[in-house]
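**Q** Structure, please.
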Amino acid sequence: MAANSSPTGLVEPVRRRAPRAGQHRTRLLVQRDIHDALVERVAARAIQIKLGDPQDPGTEMGPVAFRGHLDKVLGMVEAARAEGARLVTGGARPLAPGLADGFFVEPTLFADVSNDMTIAREEVFGP
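**A** So this is what the prediction gives:
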């Protein structure tokens with residue numbers, strides 16, 4: 001994908017309201033010469049994703065399934081940061097009314113992840 005292409009094709013499978021197993025694109029290996037521009041564009045799109053009720057047609061991403069899952073996702077975010085991955089956007093619970101009390105996690109994008117990091121080796125099953 002060219003760095004000036006729309007990042008929607010990269011983000012779309014990750015944000016479906018009712019994803020099937022195996023549909024998520026969770027990792028990208030990107031050429032160095034387009035890396036920074038692509039990360040910037042994907043981050044800009046991730047910030048725009050509308051969180052909410054999965055039954056609402058305007059919702060682009062719903063909550064994680066249950067409290068334990070939420071805790072696992074947030075723990076993976078913290079582990080990635082502790083191991084040196086750069087959190088580009090997301091990785092926290094949203095503060096917006098109607099979302100703050102649910103099991104929502106902002107769409108999350110990491111960069112500068114090496115293959116020895118937990119987040120590169122284990123599946124998060126989260127946004």
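**Q** Quick check: V88 is in a strand.
**A** Yes - the assignment for V88 is a strand, going by DSSP: H, G, I helix; E, B strand; the rest coil.
**Q** Which residues lie in contact with it in this structure?
**A** Counting by C-beta atoms under 8 Å, 6 or more residues apart in numbering, V88 makes contact with V39, A43, L109, F110, A111. (C-beta placed from N, C-alpha, C; glycine too.)
**Q** Pull the contacting residues for V105.
**A** Contacts for V105 were tallied using C-beta under 8 Å, 6+ apart; they are 63-64, 70, 73-74, 77, 90-94, 126-127.
**Q** Can you say which of those residues are buried?
**A** Buried members of the contacts of V105, scored by 16 or more other C-beta atoms under 10 Å, are P63, V64, L70, V73, L74, V77, G90, G91, R93, P94, G126, P127.
**Q** wait, which of those is closest to P54?
**A** Relative to P54, the closest of the buried ones among the contacts of V105 is P63; by C-beta to C-beta it sits at 7.8 Å.
**Q** Now that we're looking at the closest one, what pLDDT does it have?
**A** Confidence at P63, expressed as pLDDT, is 95.
**Q** which residue sits closest to it in space, ignoring its chain neighbours?
**A** Nearest non-adjacent residue to P63, counting by C-beta to C-beta, 6 or more residues apart in numbering: F103, 4.1 Å away.
**Q** What helix or strand is the one you found located in?
**A** For F103, there is no enclosing helix or strand under DSSP states H and E.
**Q** so it makes contact with K72?
**A** No - the pair F103 / K72 is not scored as a contact, 11.0 Å apart, by C-beta atoms under 8 Å.
**Q** distance from the centroid: which residue in the protein tops it?
**A** Of all residues in the chain, D33 has its C-alpha farthest from the mean position, at 22.8 Å, by C-alpha atoms, centre = their mean.
**Q** Figure out the helix or strand that that one lives in.
**A** In the assignment (DSSP H and E), D33 maps to helix 32-48.
**Q** next SSE after that helix?
**A** Downstream of helix 32-48, the next assigned helix or strand under DSSP H and E is helix 67-82.
**Q** Mind listing residues that contact that following helix?
**A** With C-beta under 8 Å, 6+ apart as the test, helix 67-82 has contacts from 63-64, 87, 91-93, 103, 105, 108, 110, 113, 117-119, 122, 124-127.
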